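*Asks:* got a sequence here, can you build the structure:
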Amino acid sequence: MSGGNLPAASGGVSASCYVEVDVAAAAQGDYVNTIAAGAVTAIVGGAPASNSQPTSDTLRVKYPVVVHKAIAGFTLDAGNPGGFTTGTASRTPGAAATLTIRLENANAAALTQTALTDALPSGLVVATTPNASTTCASGTVTAPPRPPPSSSPAPRSRRPAPARSRSTC
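*Replies:* This next block holds a predicted model:
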């Protein structure tokens, strides 16, 4: 910025203005941006002035976590990602199919305290024998089994809670 003007403080409250610029990085990493002491200059009441202290901040650039989901090894993601086959699984009513969620981390640093919740659609429940597991180090999977939905309507006094599975890595 050059040629900017900033009003005087009023009632003991400093005046301020912003300089905003969108930035981008070509690669992951930590980028420390520093304005050195003396790098901001101005004229105050006819005399030169500048910042006496440096200021800095860090932009941490990381790749996003990539998530793929498959049922019985089939996914709707294009290109057969993560060992899955692009396509749709099919089963007869009441037959179990393995739901797999694959997380990928392309960053140079480990993901920690990773968690996800997957709300299953109406009519799909965790199998009576869920065989729930994870390969995430120190991870746990909570997938309470529920009986399959009945094909015939049955009276009930309250609506059941939706099926959910929760996992942490």
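*Asks:* what separates the first and last residues of stretch 116-126, distance-wise?
*Replies:* For stretch 116-126, the first-to-last residue distance is 16 Å (CA to CA, to the nearest Å).
*Asks:* try stretch 24-38
*Replies:* In terms of CA to CA, the two terminal residues of stretch 24-38 are separated by 26 Å.
*Asks:* could you do stretch 18-30 as well?
*Replies:* 23 Å.
*Asks:* what's it in contact with?
*Replies:* Stretch 18-30 is contacted by residues Met1, Tyr31, Asn33, Thr58, Leu59, Arg60, Val61, Lys62, Tyr63, Asn107, Ala108 when judged by CB atoms under 8 Å, 6 or more residues apart in numbering. Every C-beta, even on glycine, is put in place using the N, C-alpha and C of the backbone.
*Asks:* can we see that at 7 Å?
*Replies:* Met1, Tyr31, Thr58, Leu59, Arg60, Val61, Lys62, Tyr63, Asn107, Ala108 (CB atoms under 7 Å, 6 or more residues apart in numbering).
*Asks:* the fifth one: what's it in contact with?
*Replies:* Under the criterion of CB under 7 Å, 6+ apart, the contact partners of Arg60 comprise Asp30.
*Asks:* start at 245, not 1
*Replies:* Sure thing, new numbering starts at 245, so read that last one as Arg304.
*Asks:* what's the pLDDT at it?
*Replies:* Predicted confidence (pLDDT) for Arg304: 92.
*Asks:* what subset of the contacts of stretch 262-274 is buried?
*Replies:* The neighbour-count criterion (16 or more other CB atoms under 10 Å) marks none of those as buried.
*Asks:* wait, Pro298 touches Asn277, no?
*Replies:* No - with contact defined as CB atoms under 7 Å, Pro298 does not count as touching Asn277 (10.9 Å).
*Asks:* just to revisit the earlier point, what would the contacts of stretch 262-274 look like in CSV with distance to Arg390 and secondary structure?
*Replies:* Listed next are the contacts of stretch 262-274 as CSV, based on distance: CB to CB, whole Å; DSSP: H, G, I helix; E, B strand; the rest coil:
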residue, distance to Arg390, secondary structure
Met245, 61, coil
Tyr275, 48, strand
Thr302, 46, strand
Leu303, 45, strand
Arg304, 41, strand
Val305, 42, strand
Lys306, 37, coil
Tyr307, 36, coil
Asn351, 36, coil
Ala352, 41, coil
